[in-house]
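>>> what's the 3D shape of this:
(chains A and B)
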2 protein chains.
Amino acid sequence: MSALDASPDARRGDFEIVPPGSRFFALPSPFPMKRGGVLHGARLAYETWGTLNAARDNAILILTGLSPNAHAASHEGNPAAGWWEGMLGPGKAIDTARWFVVCVNSLGSCKGSTGPASIEPGTGEPYRLRFPDLSVEDGADAAHALVRALGIERLACLIGCSMGGMTALAYLLRHPGGARSHINVSGSARALPFSIAIRSLQREAIRLDPDWNQGHYDETRYPESGMRMARKLGVVTYRSALEWSGRFGRVRLDSDRRHDDEPFGLEFEVESYLEAHARRFVRQFDPNSYLYLSRSMDWFDAADYAPDAQGDRVAAALASIRIERALSIGVETDILFPLQQQEEIAEGLAAGGADARFAPQPSPQGHDAFLVDIERFGTAIGGFLAG
Amino acid sequence: MSALDASPDARRGDFEIVPPGSRFFALPSPFPMKRGGVLHGARLAYETWGTLNAARDNAILILTGLSPNAHAASHEGNPAAGWWEGMLGPGKAIDTARWFVVCVNSLGSCKGSTGPASIEPGTGEPYRLRFPDLSVEDGADAAHALVRALGIERLACLIGCSMGGMTALAYLLRHPGGARSHINVSGSARALPFSIAIRSLQREAIRLDPDWNQGHYDETRYPESGMRMARKLGVVTYRSALEWSGRFGRVRLDSDRRHDDEPFGLEFEVESYLEAHARRFVRQFDPNSYLYLSRSMDWFDAADYAPDAQGDRVAAALASIRIERALSIGVETDILFPLQQQEEIAEGLAAGGADARFAPQPSPQGHDAFLVDIERFGTAIGGFLAG
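Okay, the predicted model is just below:
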């Protein structure tokens, strides 16, 4: 059996939620982690679309944000719509008739790749907080190992969205020559204090929930309120005030949807929207995994790769990357990964010699625009890939 | 004894925190509340600076944000610096050598005015959730009663900051002719869904804390973690990403200030800053009072006062206000009360015939800029008052 078709039947942790039709890649074992420690018998869940050509030069790798799984779009093995369904498929912006597309579930996630919810070899128990410190770089290294195992020397394009934008930069910094081109979607070269503060509060909400219990929860005692709060706070920062003003205004819930018996219960549509998002999320994501991935984003700093200790180290690190073409795209209404961060990426890559384009979009939807404003993002990404 | 010098010795609730040197105004009893119910024996804490002239036409009333007390600046009765110390005093922007300045603690607060933490007459127990529904309008009506009791027919200027900007508009809408001029500081004519969402999460954090106990906490069992979370979330939205990038960057805490034994504990300066803010707040504000005041902001909508049901009802309501001059001031980096809301106020008041000026400021500090960027705000406010 090839490492690319590792057994999907290994015992799973209670909080691992793996989409049907996933494939599994057995990572080299032991797999060394950037901040210390190793993983034994770890794997990545991944999915593919299209066909790798004989020259092996038509591959695109997609690195995701914090919460998505590898199911970016429907395929034969799983006809359900994926998280980027409008973007990916035959004839779409990322045209799977032309490209061989791989999407990987991040290392440390709970959607099929090894993470804190996975069973730790030798113990038969979930890792929980025994999982080693997770860095964005570990996700990049793991994804790179998968790409090489697929027989791809050099990606035609490396695409990273949100957290995946960080992972993509880590990939390019640590694996020179790994891609001919790069699309950074609402990403950043390092976390700024506003984003760190938001994520810190999300983690605190989970940690404060008595049912988190230092990571030792189970199905019957699960930190539901902490996860709900973390998700709601996330959604607040994923969208934009502008979009919500137009979408919800000050519309009240109908009386039959209100909880008037509950003091200070839901009253406005926007509160109900947050509640619905939280409900869909809480039991679908492992709380410990959330903590690990969230913290890895705070830690990431491209400046760590600057050739010199002086000057603008982020710019210097980005300029050390050698790629032919790049697109850095984002939106004006993004408060979590503000537009200047995408501009910084484009300028840094351009300074390194890339034909790099910064493409600010007027989408009102905030950070999540890349998931919903397929018209604008698809046009920009499709145009870049066709070029 | 005059209603203006009500006894400060009435029994206080455990969570009422009254600055020394406060004066107390006994509200007319029963005091009717907008959404129903009445208060018996209620009072307002207030402080004054300067001297009311013989014509009684040099009075300025200051209405505060959610959390401040009436101690806006030092005076003989309390030499401690107030929350607007740089703005208010002899020779300062709000020149107490010229103006008779009154600052009132909002009805429903816990800083000396009657609120959920106060003892309910007849029961000997704090109101807690038996306090009637609180509206911004109730605060406006109570402040108006104080002003009239002080012998002031018409304020020279009504100043409202943040929540107080809403209260000030309610004052002008419900008490026509109540002021010759108005300064609205980082205020809004109604809550928009982003702000509602943030406040909803703050309230949820408090309500989720088991020690909130449906409002029945005490000194030994106090919803500390809920209040900490609410305050941190508040501070995140009171400041700006821009300011924090310059101020904290990615600076780490020294090892002796970190809690490395605590999983996912504090690591960055920005996290420690939030923690310090939360610590200073939690036992200094009554949780139930916070819930009531927070919700009153969500409810406020100037459109309720529109003469017609059609068209832009906020604009129409604002245009129904008759004042001579107005200043609406705010900052570009405010995400909680965005600048368009201050522009809307200026335009609405101008449509009503006021000489109304919109004064956007480039302060980087976000919503809290009026508290800290005294140079810019003092210049604008002082200039307006001198005019």
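>>> residue contacts, the nearest residue to residue A:131 once chain neighbours are set aside?
Spatial nearest neighbour of residue A:131, excluding adjacent residues (CB to CB, 6 or more residues apart in numbering or on different chains): residue A:116 at 4.1 Å. For glycine as for every other residue, the C-beta is placed from the backbone atoms N, C-alpha and C. For residue A:116, the contact set (CB atoms under 8 Å, 6 or more residues apart in numbering or on different chains) comprises A:108, A:110, A:126-129, A:131, A:215, A:286, A:288-289, A:291-292.
>>> what's the separation between residue A:116 and chain B?
Distance, residue A:116 to chain B, by CB to the nearest CB, to the nearest Å: 11 Å.
>>> how close does that residue sit to residue B:123?
Residue A:116 is 50 Å from residue B:123, where distance means CB to CB, to the nearest Å.
>>> quick one: find the helix or strand in chain A with the lowest mean pLDDT.
The weakest-scoring helix or strand in chain A, judged by mean pLDDT, DSSP states H and E, is helix A:241-247 (a mean of 93).
>>> with just CA atoms, put that helix into PDB.
Coordinates of each C-alpha in helix A:241-247 appear next as PDB, following Å, rounded to 0.1, in the frame of the first residue of the first chain:
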ATOM      1  CA  ALA A 241     -20.500  45.700   9.600                       C
ATOM      2  CA  LEU A 242     -21.300  47.100   6.200                       C
ATOM      3  CA  GLU A 243     -22.700  43.700   5.000                       C
ATOM      4  CA  TRP A 244     -24.800  43.200   8.200                       C
ATOM      5  CA  SER A 245     -26.200  46.700   8.100                       C
ATOM      6  CA  GLY A 246     -27.600  46.000   4.700                       C
ATOM      7  CA  ARG A 247     -28.600  42.400   5.400                       C
END
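>>> can you show me the helices along the stretch 1-150 of chain A?
Ranges of helices in the stretch 1-150 of chain A, per DSSP state H, counting those that start in this stretch, are A:136-149.
>>> residue farthest from the centroid of chain A?
Farthest-out residue of chain A from its mean C-alpha position, per CA atoms, centre = their mean: residue A:261, at 39.2 Å.
>>> quick one: that one is in a strand?
No - applying DSSP: H, G, I helix; E, B strand; the rest coil, one finds residue A:261 to be coil, outside a strand.
>>> list the buried residues of the least confident helix or strand of chain A.
By 16 or more other CB atoms under 10 Å in any protein chain shown, the buried positions in helix A:241-247 come out as A:241-245.
>>> likewise for stretch A:321-328?
Across stretch A:321-328, burial judged by 16+ other CB under 10 Å covers A:321, A:323, A:325-328.
>>> span of it from start to end?
14 Å (CA to CA, to the nearest Å).
>>> and for it, what's in contact with it?
With CB under 8 Å, 6+ apart as the criterion, stretch A:321-328 contacts A:169, A:172-173, A:176-177, A:179-184, A:187, A:342-343, A:345-346, A:348-350, A:352-359, A:380-381, A:384, A:387.
>>> same check, this time on stretch A:121-129
Contacts for stretch A:121-129 (CB under 8 Å, 6+ apart): A:11, A:13-15, A:40-41, A:115-120, A:214-216, A:288, B:263.
>>> just stretch A:3-21 next, same as before
A:1, A:22-27, A:43, A:45, A:47, A:69-71, A:75-78, A:80, A:110-112, A:115, A:117-119, A:124, A:126, A:146, A:149-150, A:218-219, A:284-289.
>>> now the terminal residues of that stretch, how far apart.
17 Å.
>>> now find how far off-centre that stretch is within its chain.
Computed by CA atoms, centre = their mean, to the nearest Å, the chain-centroid distance of stretch A:3-21 equals 19 Å.
>>> can you list the buried residues in that stretch?
Neighbour-count burial for stretch A:3-21 [16+ other CB under 10 Å]: A:3-4, A:6, A:12-13, A:15-19, A:21.
>>> CSV for the buried residues of helix A:241-247, including distance to chain B?
Formatted as CSV, these follow (distance: CB to the nearest CB, whole Å):
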residue, distance to chain B
A:241, 3
A:242, 9
A:243, 9
A:244, 4
A:245, 5
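>>> find the nearest non-adjacent residue to the spatially most central residue of chain A, please.
For chain A, residue A:65 is the residue whose C-alpha lies nearest the centre (CA atoms, centre = their mean; 1.6 Å). Counting by CB to CB, 6+ apart, residue A:162 is the residue found nearest to residue A:65 once chain neighbours are left out, at 3.5 Å.
>>> with residue A:62 as the reference, measure out to the one you found.
Noted for residue A:162: a distance of 12 Å to residue A:62, by CB to CB.
>>> could you do residue A:6 as well?
Residue A:6 is 20 Å from residue A:62, by CB to CB.
>>> I'm done for today, thanks for sticking with me.
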